[in-house]
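Chemist: whatever this is, show me its structure:
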Amino acid sequence: MPRYDFRTPRLFVEGRLAADARIALDANQSNYLLNVLRRCPGDEVLVFNGRDGEWRARLETDGKRRAALLGIEQIRPQPPPGDLHYLFAPLKHARQDYMVQKAVEMGASRLVPVLTRHTQVERVNVARMRANAIEAAEQCGILSLAEIAAPVGLAQAMTELEPARLLAFCDEDAEVKDPVAALTAARRADEPMKVAVLIGPEGGFTDEERAMLLRRPNLVRLALGPRILRADTAAVAALALVGAVLGDWR
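Modeler: I've put the predicted structure just below:
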């Protein structure tokens, strides 16, 4: 079987996965399989729960147009969890949806909304973020579900970040001309590191916030090139750089 099967529908479920285990589906999942995709009883579906790997399952219905799945066999074991934290200033709905999906696709294992002085959006819909993280994992063959943290202030986020974790601080005022070289210099061993990536608001960090961040010892300050990027674009650029130099792309 190929590493990823993108032709078979793929769903995240909460329950335990095992051979002959019956997996209940909610109304939205039932509607998606039965009415949107026009799947029939006996059709196969791929399922994962972030703990038990990926399973092949068979679609069943109970006559009320509610669907369930019956576990058949595991086709991929659960991989070790990633350890890449993504900290970001919240954005407006559509752009934040995009950013969450792309961060998950790029390997982020924990997403932390961080409130800064120039953050434009202070109310964060954590449930919506989780739904976008699940959708990205379903579509891209990812087996581990990213943790979605509650919003915190910048100072608290830095306090909660363990000292051993390298912080890649993306700062448009940084004098670094070569972010790859800067990340390479921060690499401590020829293996994936514990890393956090911080992207600020489009209004930038205040002088006080920047000074606080620069006092952190385990930090690499990055500029992401000669152009000013929107925050959702910066997320993809920064996570790609970290994945290639410090993460599991190597």
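Chemist: walk me through the domains of the chain.
Modeler: The chain is divided into the following domains under automatic domain parsing: 10-76, 84-245.
Chemist: ranking those domains by burial, who's on top?
Modeler: Counting by mean count of other Cβ atoms under 10 Å, domain 84-245 has the highest mean neighbour count of those, with a mean of 17. C-beta coordinates here come from the backbone N, C-alpha and C atoms, glycine included.
Chemist: state the mean pLDDT of that one.
Modeler: Domain 84-245 shows a mean pLDDT of 92.
Chemist: that one: end-to-end distance?
Modeler: For domain 84-245, the first-to-last residue distance is 13 Å (Cα to Cα, to the nearest Å).
Chemist: can you list the domains of the chain in a markdown table and add distance to residue 4?
Modeler: Shown next, in a markdown table, are those (distance: least, Cβ to Cβ, whole Å):
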| stretch | distance to residue 4 |
| --- | --- |
| domain 10-76 | 9 |
| domain 84-245 | 4 |
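Chemist: name the nearest residue to the residue most central in space within the chain, ignoring sequence neighbours.
Modeler: Residue closest to the average C-alpha location in the chain (Cα atoms, centre = their mean): residue 104, at 2.4 Å. Distance criterion Cβ to Cβ, 6 or more residues apart in numbering; nearest residue to residue 104, sequence neighbours excluded, is residue 136 at 4.0 Å.
Chemist: verify the contact between that neighbour and residue 148 for me.
Modeler: No - using Cβ atoms under 8 Å, residue 136 is not in contact with residue 148; the gap is 11.9 Å.
Chemist: contacts only, for residue 161.
Modeler: Counting by Cβ atoms under 8 Å, 6 or more residues apart in numbering, residue 161 touches 85, 87, 167, 196.
Chemist: in strands only, show me the residues you listed.
Modeler: Per DSSP state E, strands hold the following members of the contacts of residue 161: 85, 87, 167, 196.
Chemist: right, and the third one touches residue 220 too?
Modeler: So that's residue 167. Yes - applying Cβ under 8 Å, one finds residue 167 in contact with residue 220, separated by 7.4 Å.
Chemist: quickly list what's touching both of the two.
Modeler: The contact sets of residue 167 and residue 220 do not overlap (Cβ under 8 Å, 6+ apart).
Chemist: go ahead and name everything in contact with the strand or helix carrying residue 243.
Modeler: If you go by DSSP states H and E, residue 243 is part of helix 231-245. Outside helix 231-245, the residues that touch it by Cβ under 8 Å, 6+ apart are 84, 86, 88-89, 91, 95-96, 98-99, 102-103, 106-108, 168, 170, 179-180, 183-184, 187, 195, 197, 199-202, 222, 224-225, 229, 249-250.
Chemist: run the last query once more with 6 Å
Modeler: Contact with helix 231-245 is made by 91, 95, 98-99, 102-103, 106-107, 168, 170, 179-180, 183-184, 195, 197, 199, 202, 224, 249, as judged by Cβ atoms under 6 Å, 6 or more residues apart in numbering.
Chemist: ok, now stretch 107-115?
Modeler: Taking Cβ under 6 Å, 6+ apart as the rule, stretch 107-115 contacts 82-87, 89-90, 124, 146-149, 151, 153-154, 157, 243.
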